[in-house]
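*Asks:* coords below, sequence missing:
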């Protein structure tokens, strides 16, 4: 009987870790991940649980004799749809609408599901957003198309270089350099006119807005380690973008 209870506890811990892993990989802030894991554990019969979440790992334990478990997070992206789906599973568990087995199956399906939007759709969205940012920063409509092309190229370059070399800084630096290079090219052939506005609008899809927001929220929630590490990552991303653009201005 005791062995059965221990096995059940381990299954609950695995479900909590799976939920936390999906949320952290999809761009959720630390406080949301910890709260969701605690709520799932309480709904499954473990009212007292403890979790320690950082951007690269999760430690979860209970008040029982079971040892704490650690899970590593090596890849992070932005997919808020998955965060919302895990939160939905947590709410349904708390309300008693689904069982533990159903929750595990749903979480496995969420984890295995590819990104909400295909790559081509993300590139098109980045292109349109770049053109809109150009207008927002008081650029002219004659630069709208060049900004769209540069913005789409920038996101496509980030995705390509991240697959080619597993160094995020290099991918963002290279993408920013290409954005600046093509912005100068369009102005040289008289397709665009204000190179500064084209560059500003085109790099906006590369700016780590969600990362900065989560860093501030984590710091305000008292999660100092996560807040500082996410802030440092956001700073490196901004530095990579700025360095790539600055290199283009130095060369041309």
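*Replies:* Right, received. Where do you want to start? If you're wondering where the values come from, they're calculated on a predicted model, not measured in any experiment.
*Asks:* Would you mind splitting this structure into its domains for me?
*Replies:* If you go by automatic domain parsing, the domain ranges for the chain are 2-112, 119-251.
*Asks:* Tell me where the stretch 51-200 of the chain has strands.
*Replies:* 57-62, 69-72 (DSSP state E, counting those that start in this stretch).
*Asks:* What strands line up against the first one, and which way round?
*Replies:* Strand 57-62 has the following strand partners under DSSP bridges: strand 49-54 (antiparallel), strand 69-72 (antiparallel).
*Asks:* closest one to residue 148 among the ones you listed?
*Replies:* strand 49-54 (37.7 Å; C-beta to C-beta). (Glycine included, C-beta is placed from N, CA and C.)
*Asks:* Which positions within the closest one qualify as buried?
*Replies:* By neighbour count on 16 or more other C-beta atoms under 10 Å, the buried set for strand 49-54 is 49, 51, 52, 53, 54.
*Asks:* Find the nearest non-adjacent residue to residue 57, please.
*Replies:* Closest residue to residue 57 apart from its sequence neighbours, by C-beta to C-beta, 6 or more residues apart in numbering: residue 72 at 5.3 Å.
*Asks:* circling back: the strands paired with strand 57-62 into TSV, with extra columns for distance to residue 87 and mean pLDDT?
*Replies:* Converted to TSV, those look like this (distance: least, C-beta to C-beta, whole Å; pLDDT from 0 to 100):
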stretch	distance to residue 87	mean pLDDT
strand 49-54	15	87
strand 69-72	19	87
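*Asks:* what's the closest of those strands to residue 29?
*Replies:* Nearest to residue 29, of all the strands paired with strand 57-62, is strand 49-54, at 9.4 Å by C-beta to C-beta.
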